[in-house]
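**Student:** here is a sequence with its predicted model. Questions after.
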Amino acid sequence: MKPDPAAGRPDRTLTVINHQSGTTREIRPVKTVQALLRLLEITPETVLVIQGEALLCDDDPIDPNSQVEIRPVISGGSLP
């Protein structure tokens, strides 16, 4: 089993800007979007996860050196 490089570094954090709740948090780094949303207890279908210029999917890896933004999904419906 490969050791986790962040395991022995408690000072390493990931900045998460949650536009849905209006909060910014420093959390322990996680490997994927799915793990992040699970940790924050957020339903994946209700948000978009953005890192840098990239829109991330559930199984995408998260770079612990770059902040993450969580934005609510807004549905506009359809036009007649």
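**Tutor:** Received, thanks. Residues are numbered from 1 along each chain as shown.

**Student:** quick one: pLDDT of P3?
**Tutor:** We have a pLDDT of 49 for P3.

**Student:** ah, wrong one, I meant R12
**Tutor:** The score at R12 is 85. That number is its pLDDT.

**Student:** wait, doesn't it sit right on P29?
**Tutor:** Yes. Contact between R12 and P29 holds when scored by CB atoms under 8 Å: they sit 6.0 Å apart. Any C-beta I mention is one placed from the backbone N, CA and C, and that applies to glycine too.

**Student:** more neighbours, the two?
**Tutor:** Set side by side, R12 and P29 give different neighbour counts by other CB atoms under 10 Å, the larger being at P29 (18 against 14).

**Student:** which residues in the chain form strands?
**Tutor:** Taking DSSP state E, the strands of the chain run over residues 14-18, 23-27, 47-51, 54-56, 68-72.

**Student:** how about the ones you listed in TSV, adding distance to S78 and mean neighbour count?
**Tutor:** Rendered in TSV, the data for the strands of the chain read as follows (distance: least, CB to CB, whole Å; neighbours: other CB atoms under 10 Å):
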stretch	distance to S78	mean neighbour count
strand 14-18	28	17
strand 23-27	32	12
strand 47-51	20	18
strand 54-56	22	14
strand 68-72	19	17
